[in-house]
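Colleague: Requesting a structural model of the entry that follows:
(4 chains)
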Amino acid sequence: NMQRKLRAARADPSTRGPICGLGSLTVSLEKLVLGPQSADLNNCRGSCAIPLINGNNHAVLLTYHTEQGDVNERGPCCVPLAYDPLEVIDWNDEGSFLTSKPDMVAKECGCR
Amino acid sequence: NMQRKLRAARADPSTRGPICGLGSLTVSLEKLVLGPQSADLNNCRGSCAIPLINGNNHAVLLTYHTEQGDVNERGPCCVPLAYDPLEVIDWNDEGSFLTSKPDMVAKECGCR
Amino acid sequence: SLLQKRRCAFQVTNIRNHGYSAAGNVSGSVQLCENTDCCMAIYRIINGQLEVDTLACDRVKMLCPHETCKAQPPFIDNFVTCTCSTDLCNRNISLSP
Amino acid sequence: SLLQKRRCAFQVTNIRNHGYSAAGNVSGSVQLCENTDCCMAIYRIINGQLEVDTLACDRVKMLCPHETCKAQPPFIDNFVTCTCSTDLCNRNISLSP
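Modeller: Model (predicted):
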């Protein structure tokens, strides 16, 4: 509703680069765990312009505010909103062990 | 634990600008609601470097990855993690009415 | 004054508007404001006439720099809103063009 | 082959390590891998000797480009890990300096 009103208030349609979304990102885990050596943890990338991807009221109003000219303010950023865990091999003094690490793999993106 | 290991792996201590945190941001609501005319919705600003503010595993590994030289990847961003609602005066055909809009005021920040 | 609570004209036409009662005790058409010095008026222009939509103590942290209720554009969807800071000041509204 | 499931040597020393059983049925010291063609070995260097920590089918999506188990540095905290892609290949480990 608030987003609809703001969209109506904008003069020009957006013609920017790719909009905020999920993409692949393989990260080395070599010095952190015994395995895997690397994993695709995904990342969120892309522009946050109205209509915002998975925006909420704060993000919509922040976008509106920065688009009206406050270039020094931090504008909305495309970030993960939800994650999957990842199973890795960790270790302690007793030896290695399988463990599921939370918030490892990005699975949903949005503008915040 | 994972963050501790990464911190140990870093060579130089961080000497950047202000770290990720909550600050004031007054936004005009004039064309959106009948009242208030403006409100302090706060915003999250500042750098995300290890040790990350309110980081999670994905954010810590993403920081590590980008600090190792992948400058084209989206690095961690300081964003709101929690919000308060804000009471505003909205309207419909029957007239104006008080309503509580969710996710309006940023109240906690972190790196994502 | 500092000791007396602000008194505002009270009238709510939209039955969905329960929230204003929480702004202060209502006695007839007067509300005694609990947490604000601001009175508020919302009118609606219907067929060229100003009709009361809501009169009450301010609930949403509006500014009220003026003693009398002066409504200024922009008016959204024919709603006219003003705030003021003296007792019962929201009984009358003046429109600046 | 494409029809036969991979067989890996199986030995788990850390009692916290329940997860490896889910990688495939275990019969004695051999595991029949359910979802992978990779065998895995983790050894630990204790007093200069290689001691078995874990032998099992891979559970965590490791790469296994080699037929035999060749461990390569960096070794974390004296743990030596290798993977391989032939039956029971994780029985023996070779260290490259």
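
Colleague: What about the residue lying farthest from the centre of chain A? Give its phi and psi, please.
Modeller: Largest separation from the mean C-alpha position in chain A: A:Glu94, at 36.6 Å (Cα atoms, centre = their mean). For A:Glu94, the backbone dihedrals (degrees, to the nearest 10) come out as phi -80, psi -10.

Colleague: Next: C:Ala71.
Modeller: Torsion angles at C:Ala71 (phi, psi; degrees, to the nearest 10) stand at phi -90, psi 140.

Colleague: Does the residue farthest from the centre of chain A touch D:Arg16 like I think?
Modeller: Yes - counting by Cβ atoms under 8 Å, A:Glu94 does reach D:Arg16; the two are 7.0 Å apart. C-beta coordinates here come from the backbone N, C-alpha and C atoms, glycine included.

Colleague: What parts of chain A come near chain D?
Modeller: Those residues of chain A that sit near chain D, judged by Cβ under 8 Å from any Cβ of the partner chain, are A:30-31, A:34-37, A:39, A:87-89, A:91, A:94-98.

Colleague: Is the residue positioned nearest the centre of chain C in a helix, a strand, or coil?
Modeller: Nearest residue to the geometric centre of chain C (Cα atoms, centre = their mean): C:Met40, 1.9 Å. The assignment at C:Met40 comes out as strand when based on DSSP: H, G, I helix; E, B strand; the rest coil.

Colleague: Could you report the neighbour count for the closest residue in space to it that isn't next to it in sequence?
Modeller: Ranked by Cβ to Cβ, 6 or more residues apart in numbering or on different chains and with sequence neighbours excluded, the top spatial neighbour of C:Met40 is C:Asp58, at 4.5 Å. Residues within reach of C:Asp58, counting by other Cβ atoms under 10 Å in any protein chain shown, total 26.

Colleague: go on, C:Leu88?
Modeller: Other residues lying near C:Leu88 total 17 when counted by other Cβ under 10 Å.

Colleague: For the residue nearest to C:Cys84 when sequence neighbours are not counted, grab the count of nearby residues.
Modeller: Nearest residue to C:Cys84, sequence neighbours excluded (Cβ to Cβ, 6+ apart): C:Cys69, at 4.2 Å. C:Cys69 has 26 neighbours, counted by other Cβ under 10 Å.

Colleague: same deal with C:Leu32?
Modeller: For C:Leu32, the neighbour count with other Cβ under 10 Å is 16.

Colleague: packing partners for the one helix or strand it maps to?
Modeller: Element membership of C:Leu32, judged by DSSP states H and E, is strand C:30-33. Using 3 or more Cβ pairs under 8 Å, 6 or more residues apart in numbering or on different chains; DSSP states H and E, the elements in contact with strand C:30-33 are strand C:7-9, strand C:24-27, strand C:49-57.

Colleague: mind redoing it with 10 Å?
Modeller: Counting contacts by 3 or more Cβ pairs under 10 Å, 6 or more residues apart in numbering or on different chains; DSSP states H and E, strand C:30-33 packs against strand C:7-9, strand C:24-27, strand C:39-46, strand C:49-57.

Colleague: Could you say which of the ones you listed is packed most deeply?
Modeller: Comparing the helices and strands packed on strand C:30-33 on average neighbours per residue, with mean count of other Cβ atoms under 10 Å in any protein chain shown, the densest one is strand C:7-9 at a mean of 24.

Colleague: in chain C, which segments are predicted with low confidence?
Modeller: Scanning chain C for pLDDT under 70 picks out C:1-3, C:97.

Colleague: er, chain A I mean
Modeller: The model of chain A has pLDDT under 70 over residues A:1-16.

Colleague: If you tally nearby residues, what's the number for A:Leu98?
Modeller: Neighbourhood size, A:Leu98 [other Cβ under 10 Å]: 23.

Colleague: That one and D:Val12, how far apart?
Modeller: According to Cβ to Cβ, to the nearest Å, A:Leu98 stands 10 Å off from D:Val12.

Colleague: Find residues that contact each of the two.
Modeller: Residues touching both A:Leu98 and D:Val12 by Cβ atoms under 10 Å, 6 or more residues apart in numbering or on different chains: D:His18, D:Gly19, D:Tyr20, D:Thr54, D:Ala56.

Colleague: measure the fourth one to chain C for me?
Modeller: If I follow you right, that is D:Thr54. Using Cβ to the nearest Cβ, to the nearest Å, D:Thr54 is found at 61 Å from chain C.

Colleague: before we move on, what about the third one?
Modeller: As defined by Cβ to the nearest Cβ, D:Tyr20 lies at a distance of 59 Å from chain C.

Colleague: now swap in the first one and tell me
Modeller: When Cβ to the nearest Cβ is applied, the distance between D:His18 and chain C equals 55 Å.

Colleague: So what sits opposite the residue lying closest to that residue once chain neighbours are set aside in the bridge?
Modeller: Among residues not flanking D:His18 along the chain, A:Leu98 sits closest, at 7.7 Å (Cβ to Cβ, 6+ apart). Beta bridges link A:Leu98 to A:Ile89, judged by DSSP bridges.

Colleague: close enough to count as contact, A:Leu98 and D:Met40?
Modeller: No - the criterion here is Cβ atoms under 10 Å, and A:Leu98 misses it with D:Met40 at 11.0 Å.
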